[in-house]
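Enquirer: only the shape, not the letters, is given here:
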């Protein structure tokens, strides 16, 4: 009993410390990788507590090494867009300008029933109301309704209703997202001209830039 109590106490403490060290995310923000990581850590801790043939030092070593590997991979994903895509995936457009993209659904193994359920969870009950729908890396569906289906605001009362575009990131962490530039039909010359207009001489000085629906450019410079 004493051995089990010691194992339980050590497992609880080390698991608490490691999860605090790894950082925190809301459950809705978890990717597949972070979800599996949490399950693996819990499984290792339970094995150390319940399996007497597993030495405590071996269990602690396994937990620590696993956590270090996760920290290294997360650090790499912060520094490298390529690593970030490999580890977490990237958003996938499944409805574009009101049309369902069948190839995107097949690639994500998402059937129409699943899509309809996700739309209902977003308070959308007809495909006709949707301008864009994006499947996020964590499996959640983000929906942009058509302009005519959005609630009227005071600002809307001053302008004519126009077809909605999709705001898209075009610079992240000092690097241009070439794929989005091509998708938006926004040339490098236009981008450079807008950057010069806003007093930016080098893309590396920008932490994040987003092209808005009205083709204006939102820029957040590095701190």
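Expert: All right, it came through fine. Please read all numbers here as calculations on a predicted model, not as lab measurements.
Enquirer: please count neighbours and contacts with C-alpha atoms only from this point.
Expert: Will do.
Enquirer: relative to residue 97, how far out is residue 187?
Expert: Separation of residue 187 from residue 97 (Cα to Cα, to the nearest Å) stands at 21 Å.
Enquirer: ok, those two, which is more surrounded?
Expert: residue 97 (17 against 12; other Cα atoms under 10 Å).
Enquirer: please name the residues that touch the more buried one.
Expert: By Cα atoms under 8 Å, 6 or more residues apart in numbering, residue 97 lies in contact with 130, 131, 132.
Enquirer: tabulate those (TSV), appending secondary structure, neighbour count and pLDDT.
Expert: Output for the contacts of residue 97, formatted as TSV (DSSP: H, G, I helix; E, B strand; the rest coil; neighbours: other Cα atoms under 10 Å; pLDDT from 0 to 100):
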residue	secondary structure	neighbour count	pLDDT
130	strand	22	89
131	strand	22	90
132	strand	22	92
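Enquirer: closest one to residue 58 out of those residues, please.
Expert: Using Cα to Cα, residue 132 comes nearest to residue 58 of these, at 50.1 Å.
Enquirer: just the buried residues of the longest helix belonging to the chain, please?
Expert: Ranked by residue count and defined by DSSP state H, the top helix of the chain is helix 56-79. Buried residues in helix 56-79, counted by 16 or more other Cα atoms under 10 Å: 56, 59, 60, 62, 63, 64, 66, 67, 70, 74, 77.
Enquirer: returning to that earlier point: as TSV, the contacts of residue 97 with distance to residue 91 would be great.
Expert: What follows is the contacts of residue 97, written out as TSV (distance: Cα to Cα, whole Å):
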residue	distance to residue 91
130	17
131	16
132	12
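Enquirer: and the residue nearest to residue 48 when sequence neighbours are not counted, how far is that from residue 38?
Expert: Distances taken as Cα to Cα, 6 or more residues apart in numbering put residue 59 closest to residue 48, at 5.3 Å, once the chain neighbours are dropped. Going from residue 59 to residue 38 by Cα to Cα gives 16 Å.
Enquirer: what helices or strands is the host helix or strand of residue 49 leaning on?
Expert: Assigned by DSSP states H and E, residue 49 belongs to helix 32-50. Judged by 3 or more Cα pairs under 8 Å, 6 or more residues apart in numbering; DSSP states H and E, the packing partners of helix 32-50 are helix 2-21, helix 56-79, helix 81-88.
Enquirer: okay if I get the ones you listed as JSON lines plus mean pLDDT and distance to residue 180?
Expert: As requested, the helices and strands packed on helix 32-50 are exported to JSON lines (pLDDT from 0 to 100; distance: least, Cα to Cα, whole Å):
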{"stretch": "helix 2-21", "mean pLDDT": "75", "distance to residue 180": "35"}
{"stretch": "helix 56-79", "mean pLDDT": "80", "distance to residue 180": "20"}
{"stretch": "helix 81-88", "mean pLDDT": "70", "distance to residue 180": "14"}
